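Student: what follows is a protein structure lacking sequence information:
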């Protein structure tokens, strides 16, 4: 490909990646704000501004381990071409839009991983896959909601014991204030884990085109741009999914909202430090189900929770199929 065409194509692909990052924030806004909105601690318009701010500043608190996993730990960087990245992004974007339209809280993270896998398989077969990174990520599909569930459940039990002598009114007032802290922490975890996925995509694209030199790394301008894109997406909010996450699964009070957000935030912080691209959607859903179960098992609408689990299971293969088809189409045209 001639150099005069390569740079405009590169800029276009970076724009597509940032559009995915924006959609990620839009799609996953509910993860950060559903509990604080459903407990009426903050109005939706203020909640999205609160979440967007903490999404943006997340790069100040975390390393770039997740970006490195996405950049070189899912498919072999040596097989990456602009066509592979384009197909991967289209697979993830199409799946995100479909699930957003129908209000299904699926995972943007695993849509992107699925997109990478599908494009990699279409390009170079099974040899393109970095199995250690893919299995680590796939394992997180099961573990992140489970860990969120257990932590939120334990937090509810601990908090209930600590505040057993307080009146319901006093407990409610205390946790209305504390929910600002827990929502901030969760938004930090969301911005820290999710924005890094797009950073990894852009960085491996730059690396494959020789713009990063011999060593893979994530330039600072990529970090800032990706954090801004996801924060902007969060600012626009995903109201269909907010309704599902915030009230359809189970009804929450401020104490339960605090426990769900805190349990989810701890899970995200740990995963981000370990470089595991987990799903913020999976994590907060597991945490919300955990606090609902602490009240009573029947408080959770298990049928809806089951439908969400089905969406989790099919996200990676569905995005992989779309991206593989896209790669073949681009290859035919090219």
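Tutor: Here it is on my side, so go on. Just so we're clear, the structure is a prediction, and the values are computed from it rather than from any experiment. Residues are numbered from 1 along each chain as shown.

Student: which other residues reach stretch 75-90?
Tutor: Contacts to stretch 75-90, defined as Cβ atoms under 8 Å, 6 or more residues apart in numbering, come from residues 9-10, 13, 16-17, 20, 71, 112, 115-120, 122-124, 127-130, 201, 204-205, 207-209, 216, 322-324, 326-327, 330-331, 334. All C-beta atoms are positioned from the backbone trio N, CA, C, and that covers glycine.

Student: quick check: ChimeraX command selecting the buried ones in those residues.
Tutor: Per 16 or more other Cβ atoms under 10 Å, the buried members of these correspond to this ChimeraX selection:
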select :10,13,16,17,20,71,112,115,116,117,118,119,120,122,123,124,128,129,130,201,204,205,207,208,209,216,322,323,324,326,327,330
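
Student: among the contacts of stretch 75-90, which ones are in helices?
Tutor: Counted as lying in helices by DSSP state H, out of the contacts of stretch 75-90, are 9-10, 13, 16-17, 20, 71, 112, 115-120, 122-124, 201, 204-205, 207-208, 322-324, 326-327, 330-331.

Student: show me where the stretch 1-150 of the chain dips below the pLDDT cut-off.
Tutor: For the stretch 1-150 of the chain, the stretches with pLDDT under 70 are 1-5, 29-32, 105.

Student: that one: helices as residue ranges?
Tutor: 3-38, 44-56, 65-72, 82-101, 108-124, 131-162 (DSSP state H, counting those that start in this stretch).

Student: would TSV of those with distance to residue 232 be doable?
Tutor: Shown next, in TSV, are the helices of the stretch 1-150 of the chain (distance: least, Cβ to Cβ, whole Å):
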stretch	distance to residue 232
helix 3-38	6
helix 44-56	7
helix 65-72	19
helix 82-101	15
helix 108-124	15
helix 131-162	25
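
Student: for residue 273, which of those helices is the nearest?
Tutor: With Cβ to Cβ, the closest approach to residue 273 among these belongs to helix 65-72: 6.8 Å.

Student: quick one: closest of the helices of the stretch 1-150 of the chain to residue 254.
Tutor: When these are compared by Cβ to Cβ, helix 3-38 sits nearest residue 254, at 8.7 Å.

Student: gap between the residue of the chain most remote from its centre and residue 257?
Tutor: Largest separation from the mean C-alpha position in the chain: residue 165, at 38.3 Å (Cα atoms, centre = their mean). Separation of residue 165 from residue 257 (Cβ to Cβ, to the nearest Å): 22 Å.
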